[in-house]
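Peer 1: Sequence first, then the predicted structure:
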Amino acid sequence: MCAGWPSPASCLKTWYAILWSAASSTPTPRAARRRTRVASPEFSLSVQFASGARDLPSRAQVRRWVAAALEQPAQVTVRIVDADEAQALNQDYRDKPYVPNVLTFEYGEIGQDESGFSVLGGDVVICAPVVEREAREQGKPLSSHYAHMVIHGVLHLQGYDHIEPAEADNMESREAAILKRFHLPNPYLS
């Protein structure tokens, strides 16, 4: 028995040799690459339909888009509205008179989860008539444009912006990467 070691086997000297041969030095075949799913952070989601528009995305679709865009725990409301509500919110909170396609109300850190991570809070408001018009004008499927608007709004909740060119490039590339996971095209390419 070695001093300080409880097992006599743990201090025995070992020696080994592996003979080299050309046959044993062929490369090991690569294992097939497995696609790993990156888990999205925990989040709670409220989806509200306050629009008379047809062909709205399902709650399940909105949940998938939000999950894909989130980078940290969050409490999110996605509200799909008509033009009157979108314009009133834009006027009241941003002092802008037009009807926007998407508005984001970021509440910042609203608490911590069980692991001690910050939990973001915020609302994403999407104007159904504007999204429908833009999809038609741009010749893209309506569901693709809804996906883009939800992802765009959720990225804003996390501090992404597009005021400065470098920020816009970063946000647009992030949006395109998320949309690609849903096999949707980059909305910024013509």
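Peer 2: Thanks, I have the structure now. Remember, it's a predicted structure, so these values are computed and weren't measured experimentally.
Peer 1: Please count neighbours and contacts with C-alpha atoms only from this point.
Peer 2: OK.
Peer 1: what residues are up against the most centrally placed residue in the chain?
Peer 2: Nearest residue to the geometric centre of the chain (CA atoms, centre = their mean): residue 69, 1.2 Å. By CA atoms under 8 Å, 6 or more residues apart in numbering, the residues touching residue 69 are 151, 154, 155, 178.
Peer 1: Would you mind measuring from it to residue 45?
Peer 2: 13 Å (CA to CA, to the nearest Å).
Peer 1: what's the helix or strand bottoming out on mean pLDDT in the chain in contact with?
Peer 2: The weakest-scoring helix or strand in the chain, judged by mean pLDDT, DSSP states H and E, is strand 102-112 (a mean of 95). If you take CA under 8 Å, 6+ apart as the criterion, strand 102-112 is touched by 86, 90, 118-127, 149, 153-154, 156-158.
Peer 1: Of those, which belong to helices?
Peer 2: Mapping those onto helices (DSSP state H) picks out 86, 90, 149, 153, 154, 156, 157.
Peer 1: Give me the distance between the closest residue to the last one other than its chain neighbours and residue 90.
Peer 2: Distance criterion CA to CA, 6 or more residues apart in numbering; nearest residue to residue 157, sequence neighbours excluded, is residue 106 at 5.1 Å. Applying CA to CA, one obtains 14 Å for the distance of residue 106 from residue 90.
Peer 1: Which stretches in this protein count as helices?
Peer 2: 59-69, 83-94, 128-138, 142-157, 165-181.
Peer 1: In the longest one, which of the residues would be classed as buried?
Peer 2: Think helix 165-181. 171, 172, 174, 175, 176, 177, 178, 179 (16 or more other CA atoms under 10 Å).
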